[in-house]
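K.L.:
no sequence for this one, just the structure:
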């Protein structure tokens, strides 16, 4: 437990330290701000399309003590309304990955097990500007997010426990720091024969941190496998599969994102992000744990401004 | 400086779960793997009391046979012997080099010879999907062989078969040496032989650490199929090789008055097996539930008894005495 506190504390300290450094920098570049004062009050609407390469891992103690490492892809679509003082985003995310059990080395015949891991998430977040930690170069927002995630796992080596299903539903506290790292003046490099010219461009560096405040998870019953009530052929496989599942309010969930956004003259933008997420769901009987690391490319389509 | 913080943050987050999660429990240590399997069975196996198995005694017997230097083959042999104390074919240890099995069918005589049926009873049989079938006894009896509940079948296939035998006096459904399969094929098949929703039994599942901790009873109903039905007498042939889903079928058949079980008791296997993995990557399964008849009796794990006991006589391979007895039951 101490390690969890240390981890959270370190995260917080690093966020605050970054803010302090960036405030110092902002004094130097304040006069170079690209946005006219009247414009920053407007809301920009974006539709975001993202694709990411992800490295997830999970462990379900109900069926195996082993970690399953994986590699997969994530695709998501988001609708973002962003203004200086407030922003909100709704995101639909789908991911699929292939996993191999982290099996210790055998000196006889090496066993192995493969799993497919699918995730489907809905994410809604609303943030408000924190004036005390904001200035012309730095924008700090706080708020909350609701995240609903359903996992579907298939691991044939587990026979009647091949299918693994769990749901995470979290209310999360959110801190977001956005640093304006725009190039405000034309810059020319002198590389002997080549002298590239870089025009002014608007760029943002954004760090987002979500911490689960209310962490619900939906996990199987004691035996994990059930032959629940059977009503002939009218038995719904979904009802049957979930009949002994229970909701629990326990565990934790973290989510972080570091994003570098580069805007185009037409208002559109593109970004590269690194996302890390970790969740622990003790459930009522045996815990489930997962983490994922993702490199993501996003295109922002600027749809309107008002 | 700010970029340094960002880089540090990335490295920090990329390894943070190692701090948050418990240590990696992967291990090839024989004692650790033995203890893990023993504990999983202790927590969830469903037939300790019914089979009068002293699981602590089993641990005391087998654990001293292992040391940290035991080979994987030795570990397999010890853990397989431990699991076989449960006398349960739904209990297996699965490794890349061997699979443990109790072989319950070897506890009784063999009562089915496929060549006798094919050569002397149904030489021109139809094969419709999972079913081999034909007329017997001058067209008075329909014979249907269903070799495995693993094999699915369509409504149209079942309609074709029951339409073909609609004018017979009765049907023989041969489930000998049917080792089970999908539980959903049980109501799919039985639904062809009932006219109304019929309660046929219960299941109960381990739900706590004590060996007698079980959930409330879950009902098992058969509902009539919307397709062609057959409501004349049905003789179900069973033997010790009729296991798992076939035992469930036989238990349900006991609750249906037009069905008669002929042959030997089934092999058992009424409990639903789970699935899991050990710290060394091997996998296992064992029963976590029980099935009960309408009176709440639990005999299915030891085998559902036949209503009419008949044995195959291996001195004359041109005749199937069990099938002959079934034909007699329908035609007389």
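P.N.:
Done, it's in. Computed from a predicted model, the values in this text were never measured in an experiment.
K.L.:
strands of the stretch 101-250 of chain A, start to end?
P.N.:
Under the criterion DSSP state E, counting those that start in this stretch, the stretch 101-250 of chain A contains strands at A:114-129, A:138-154, A:163-180, A:187-188, A:197-198, A:203-219, A:230-231, A:246-249.
K.L.:
okay if I get the ones you listed as JSON lines plus distance to chain B, mean pLDDT and mean neighbour count?
P.N.:
(C-beta placed from N, C-alpha, C; glycine too.) As requested, these are exported to JSON lines (distance: least, CB to the nearest CB, whole Å; pLDDT from 0 to 100; neighbours: other CB atoms under 10 Å in any protein chain shown):
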{"stretch": "strand A:114-129", "distance to chain B": "11", "mean pLDDT": "97", "mean neighbour count": "18"}
{"stretch": "strand A:138-154", "distance to chain B": "11", "mean pLDDT": "97", "mean neighbour count": "19"}
{"stretch": "strand A:163-180", "distance to chain B": "7", "mean pLDDT": "95", "mean neighbour count": "20"}
{"stretch": "strand A:187-188", "distance to chain B": "18", "mean pLDDT": "89", "mean neighbour count": "10"}
{"stretch": "strand A:197-198", "distance to chain B": "18", "mean pLDDT": "90", "mean neighbour count": "10"}
{"stretch": "strand A:203-219", "distance to chain B": "7", "mean pLDDT": "96", "mean neighbour count": "20"}
{"stretch": "strand A:230-231", "distance to chain B": "5", "mean pLDDT": "80", "mean neighbour count": "20"}
{"stretch": "strand A:246-249", "distance to chain B": "11", "mean pLDDT": "95", "mean neighbour count": "12"}
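K.L.:
turn these into a markdown table, including distance to residue B:331.
P.N.:
Shown next, in a markdown table, are the strands of the stretch 101-250 of chain A (distance: least, CB to CB, whole Å):
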| stretch | distance to residue B:331 |
| --- | --- |
| strand A:114-129 | 53 |
| strand A:138-154 | 50 |
| strand A:163-180 | 47 |
| strand A:187-188 | 100 |
| strand A:197-198 | 97 |
| strand A:203-219 | 56 |
| strand A:230-231 | 34 |
| strand A:246-249 | 55 |
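K.L.:
nearest to residue B:20, out of the ones you listed?
P.N.:
Residue B:20 lies closest, by CB to CB, to one member of these: strand A:203-219, at 12.3 Å.
K.L.:
quick one, what contacts the residue of the stretch 201-306 of chain A found nearest chain B?
P.N.:
Across the stretch 201-306 of chain A, the shortest distance to chain B (CB to the nearest CB) belongs to residue A:232, at 2.9 Å. Neighbouring residues of residue A:232 by CB atoms under 8 Å, 6 or more residues apart in numbering or on different chains: B:187, B:191, B:197, B:221-224.
K.L.:
need the nearest residue in space to it, chain neighbours excluded.
P.N.:
Excluding its sequence neighbours, the residue lying closest to residue A:232 (CB to CB, 6 or more residues apart in numbering or on different chains) is residue B:223, at 2.9 Å.
K.L.:
how far away is the one you found from residue B:190?
P.N.:
9 Å (CB to CB, to the nearest Å).
K.L.:
out of those two, which sits in the busier spot?
P.N.:
Between residue B:223 and residue B:190, counting by other CB atoms under 10 Å in any protein chain shown, residue B:190 is the more crowded of the two (24 against 18).
K.L.:
ok, how many other residues are close to the nearest residue to the more buried one once chain neighbours are set aside?
P.N.:
The spatially closest residue to residue B:190, leaving aside those adjacent along the chain, is residue B:222, at 4.6 Å (CB to CB, 6+ apart). When neighbours are defined as other CB under 10 Å, residue B:222 has 28 of them.
K.L.:
tell me the pLDDT of residue B:222.
P.N.:
pLDDT, residue B:222: 95.
K.L.:
nearest residue to the middle of chain B?
P.N.:
residue B:244 (1.8 Å; CA atoms, centre = their mean).
K.L.:
now do the contacts for it.
P.N.:
Taking CB under 8 Å, 6+ apart as the test, what residue B:244 contacts is B:89-90, B:149, B:179-181, B:269-270.
K.L.:
helices of the chain, residue ranges please.
P.N.:
Chain wasn't specified; assuming chain A. Along chain A, counting by DSSP state H, helices occupy A:2-29, A:237-242.
K.L.:
meant chain B, my bad for not saying
P.N.:
So, for chain B - with DSSP H - the helices run B:2-14, B:16-20, B:30-44, B:55-62, B:72-84, B:114-120, B:155-164, B:185-190, B:245-253, B:321-331.
K.L.:
quick check: which of those helices is buried the most?
P.N.:
helix B:245-253 (a mean of 27; mean count of other CB atoms under 10 Å in any protein chain shown).
K.L.:
quick revisit: could I get the helices of chain B in CSV, plus columns for mean pLDDT?
P.N.:
Below are these laid out as CSV (pLDDT from 0 to 100):
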stretch, mean pLDDT
helix B:2-14, 61
helix B:16-20, 75
helix B:30-44, 98
helix B:55-62, 98
helix B:72-84, 97
helix B:114-120, 97
helix B:155-164, 97
helix B:185-190, 95
helix B:245-253, 96
helix B:321-331, 97
